[in-house]
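>>> Give me a 3D structure for the following:
(one chain, ligands or ions: 2)
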Amino acid sequence: MDKVQILVIEDEEVYRNVLCIALREHNMEVQAVASGEEAWELIKQHRFPLIISDIRLAGKVSGMDILKDVKELYDPSVLMITAFGEIEMAVEAMRLGAFNYITKPFQVEDILKNIDRMILQQKIISDQLQPSNLEELSRNTGIVGNSGKMCNLMNIALKAARSDATVLITGESGTGKELIAKAIYQNSYRKDKEFVAINCATLSDEFLESALFGHVKGSYTGAIKDRVGLFEKADGGTLFMDEVGDISKSVQAKILRVLQEGEYIPLGSTETKKANVRIIAATNKNLLESVDNGEFREDLYYRLNVINIMMPPLRDRKSDIPLLISHFIKKFNAKLQKKVTRISPEIEDILMEYGWPGNIRELENVIERAMVLCSGNKISKKHLPENIVSRKGNAHSITVVPGSSLYEAEKELILRTLQLTKGNKQEASKMLGISIRKIEYRIKEWG
Ligand SMILES: Nc1ncnc2c1ncn2[C@@H]1O[C@H](COP(=O)(O)OP(=O)(O)OP(=O)(O)O)[C@@H](O)[C@H]1O
Ligand SMILES: [Mg+2]
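Ligands and ions are numbered 1, 2, ... in the order given. This next block holds a predicted model:
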């Protein structure tokens with residue numbers, strides 16, 4: 001087999017030598033340079049599949065410049081080396097398409113582990129198993145949408161699939177967070193290993209910890225036998241942690257440890273285990289706010305948020321609605337053995353107008369319901385839920401009839417705003433310009 005070729009760009013001689021020795025010992029063909037300028041000369045002559053570069057380099061051309069330019073030229077896997085405290089730059093590098101980053105002083109073992117993964121990644125690229133464009137990505141993942149927002153998002157997802165970094169997906173309920181998580185997994189070099197999902201909101205601390213890390217028999221009441229944790233089950237694969245904003249501080253600390261050191265200890269055990277799992281986290285909370293009010297660890301936030309994907313609510317990308325409607329009609333024609341063809345322009349208008357507080361999941365449910373109800377091949381008004389037809393459920397407009405009481409109007413406005421914020425009183429209070437206490441007081445009053 002040919003030796004793997006790797007380019008090392010590091011201006012500190014000690015580190016450069018350590019890397020060269022370690023990589024050559026592992027049977028790689030290494031070229032090492034001390035500056036971005038020299039690196040660029042070599043890259044022009046030869047396309048190294050693997051590159052390790054310090055972010056900061058003495059000289060005019062930085063590691064970030066090299067990363068940017070080289071990613072435009074071809075598709076190498078690039079591992080960045082950062083100094084302690086440069087997490088923001090590291091995050092930027094991930095955005096630019098770096099495979100991962102490692103903080104100085106590093107362990108050679110960590111570098112080698114990353115290189116193994118980069119080699120796998122390069123294999124996928126050279127076998128052309130990764131989608132090269134958005135259309136292909138959309139086809140092989142079932143993600144529908146061609147609005148500008150959706151295209152941006154798919155581009156980030158494509159980049160995320162090419163790196164091994166942790167991804168944080170934020171967005172309202174029903175916007176497709178899990179779907180995009182799976183898309184990233186399916187297009188990553190980890191696709192032949194497990195995709196394991198866990199909802200962190202529904203479990204107590206003990207259960208969550210034991211589910212993630214496993215436990216030994218007798219470690220707590222109810223632990224009647226040993227349990228293998230998801231980090232072990234998902235070894236080599238991807239772990240999707242849903243509702244990550246609801247994790248308690250004590251479990252947050254343990255997750256941070258896995259992310260930082262790649263190690264964990266099962267509940268009640270004394271044995272440290274190694275983790276090789278890519279984490280994709282999701283939340284519908286504003287995690288930065290949780291960091292501000294002390295509910296979420298800042299260090300963990302940064303570790304999770306290496307690549308951030310924000311799912312836009314459906315009301316902000318309404319141009320996707322017609323495509324989504326056809327997509328769901330096709331899906332349910334197959335599932336329900338129906339032959340529904342198009343929907344009338346009138347119905348389409350109604351669906352375009354509506355605010356979709358439950359996002360794509362709500363749209364999907366509405367179409368399914370309509371198709372169950374309709375006997376012919378045409379969906380009509382009577383198959384749609386009343387609140388959508390009368391536009392009462394439209395979170396973006398309310399009707400105030402002159403002559404009605406201010407009290408009633410206030411009630412309508414508060415309830416509708418809460419609907420819009422999915423019951424988030426803090427957000428609603430900001431929008432309405434009243435205190436949370438007043439909202440709570442009113443809700444109590446209305447029973
Ligand atoms: N762009 C899309 N194209 C096609 N289907 C989609 C799209 N986005 C979401 N869906 C569908 O909508 C439903 C909800 O998506 P998903 O479960 O991924 O949302 P979510 O953001 O994880 O929601 P929650 O926060 O409630 O868990 C799923 O059935 C999914 O297949
Ligand atoms: Mg979900």
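
>>> How about this structure: which residue is closest to ligand 1?
Gly176 (2.7 Å; CB to the nearest ligand atom). Heads up, the C-betas are built off the backbone N, CA and C, glycines and all.

>>> so how many other residues sit close to that residue?
By other CB atoms under 10 Å, the residues close to Gly176 number 22.

>>> I figured it hits Met311, correct?
Yes - Gly176 is in contact with Met311 according to CB atoms under 8 Å; the separation is 5.7 Å.

>>> Now do the residue of the chain closest to ligand 1, the pLDDT please.
Note on Gly176: pLDDT of 96.

>>> Would you mind listing the buried residues in the strand or helix carrying Phe231?
For Phe231, the host element (DSSP states H and E) is helix 230-233. Applying a neighbour-count criterion of 16 or more other CB atoms under 10 Å, one finds 230-232 buried in helix 230-233.

>>> rewinding a little: which ones are touching the residue of the chain closest to ligand 1?
143, 311, 359-360 (CB atoms under 8 Å, 6 or more residues apart in numbering).

>>> and ligand 1, which of those residues contact it?
With CB under 6 Å from any ligand atom as the criterion, the contacts of Gly176 include 143, 360 near ligand 1.

>>> Just the buried subset of the contacts of Gly176, please.
By 16+ other CB under 10 Å, the contacts of Gly176 give 143, 311, 359-360 as buried.

>>> could you dump those residues to JSON lines with pLDDT and distance to Lys339?
JSON lines is the format used below for the buried ones among the contacts of Gly176 (pLDDT from 0 to 100; distance: CB to CB, whole Å):
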{"residue": "Ile143", "pLDDT": "92", "distance to Lys339": "26"}
{"residue": "Met311", "pLDDT": "94", "distance to Lys339": "33"}
{"residue": "Asn359", "pLDDT": "93", "distance to Lys339": "28"}
{"residue": "Ile360", "pLDDT": "96", "distance to Lys339": "24"}
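
>>> just those residues now: which is nearest Ile198?
Comparing these against Ile198 with CB to CB places Met311 closest, at 19.2 Å.

>>> Now the longest helix seen in the chain: average pLDDT?
The residue-count maximum for a helix in the chain (DSSP state H) belongs to helix 108-126. Helix 108-126 comes out with an average pLDDT of 84.

>>> buried set for it?
Of the residues in helix 108-126, 111, 113-115, 117-122, 124-125 count as buried by neighbour count, 16+ other CB under 10 Å.

>>> ok, and what's touching stretch 250-264?
Around stretch 250-264, the neighbours that count as contacts under CB under 8 Å, 6+ apart are 110, 113, 166, 205, 208-209, 212-213, 229, 231, 241, 247, 272-277, 279, 296-297, 299-300, 303-304.

>>> So how do I select the buried members of those residues in PyMOL?
Buried subset of the contacts of stretch 250-264, written as a PyMOL selection, criterion 16+ other CB under 10 Å:
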select buried, resi 113+166+208+209+212+213+229+231+241+247+273+275+276+277+279+296+297+300+303+304
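
>>> my guess is Ile184 contacts Ala157, does it?
Yes - taking contacts as CB under 8 Å, Ile184 lies within contact range of Ala157: 5.5 Å.

>>> Give me the more crowded residue out of these two.
Higher neighbour count among Ile184 and Ala157: Ile184, with 29 against 24, using other CB under 10 Å.

>>> Now that one: phi and psi?
Main-chain torsions, Ile184, degrees, to the nearest 10: phi -60, psi -50.

>>> ok, now Leu79?
Torsion angles at Leu79 (phi, psi; degrees, to the nearest 10) stand at phi -100, psi 120.

>>> And Lys330, which helix or strand is it part of?
Lys330 belongs to helix 321-336 when elements are defined using DSSP H and E.

>>> What residues sit buried inside that helix?
Going by neighbour count (16+ other CB under 10 Å), the buried part of helix 321-336 is 321, 324-325, 327-329, 331-332.

>>> Redo those as TSV? Include pLDDT and distance to ligand 1.
Listed next are these as TSV, based on pLDDT from 0 to 100; distance: CB to the nearest ligand atom, whole Å:
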residue	pLDDT	distance to ligand 1
Ile321	95	11
Leu324	95	6
Ile325	95	11
His327	94	6
Phe328	96	8
Ile329	95	12
Lys331	95	9
Phe332	96	12
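
>>> quick check, stretch 187-203 touching ligand 1?
No - Stretch 187-203 lies out of reach of ligand 1 by CB under 6 Å from any ligand atom, never closer than 8.1 Å.

>>> what does that stretch rub up against?
Counting by CB under 8 Å, 6+ apart, 117, 120-121, 123-124, 130-131, 137, 140-141, 157-158, 161-162, 164, 178, 181-182, 185, 208, 211-212, 230, 233-244, 246-247, 278 sit against stretch 187-203.

>>> Just the ones in helices from those, please.
Judged by DSSP H, these include 117, 120-121, 123-124, 137, 140-141, 157-158, 161-162, 178, 181-182, 185, 208, 211-212, 230, 233 as members of helices.

>>> and ligand 1, which of those contact it?
Among those, proximity to ligand 1 is found for Glu178 (CB under 6 Å from any ligand atom).

>>> Helix, strand, or coil at the residue positioned nearest the centre of the chain?
With distances taken as CA atoms, centre = their mean, the residue of the chain nearest its centroid is Ile169 (3.2 Å). Using DSSP: H, G, I helix; E, B strand; the rest coil, the structure places Ile169 in strand.

>>> is it in a bridge, and if so with what?
Ile169 has the following beta-bridge partners by DSSP bridges: Ala282, Ile309.

>>> chain center to stretch 423-430: distance?
25 Å (CA atoms, centre = their mean, to the nearest Å).

>>> which outside residues touch it?
In contact with stretch 423-430 (CB under 8 Å, 6+ apart) are residues 414, 417-418, 420-421, 435-436, 438-440.

>>> quick one: low-confidence parts of the stretch 251-400 of the chain?
Applying pLDDT under 70 to the stretch 251-400 of the chain flags the ranges 391-397, 399.

>>> ok, which stretches of it are strands?
Secondary structure of the stretch 251-400 of the chain (DSSP state E, counting those that start in this stretch): strands at 263-264, 273-274, 278-283, 307-310.

>>> which one of the ones you listed has the most crowded surroundings?
Comparing those by mean neighbour count (mean count of other CB atoms under 10 Å), strand 278-283 comes out on top with a mean of 25.

>>> Much appreciated, bye for now.
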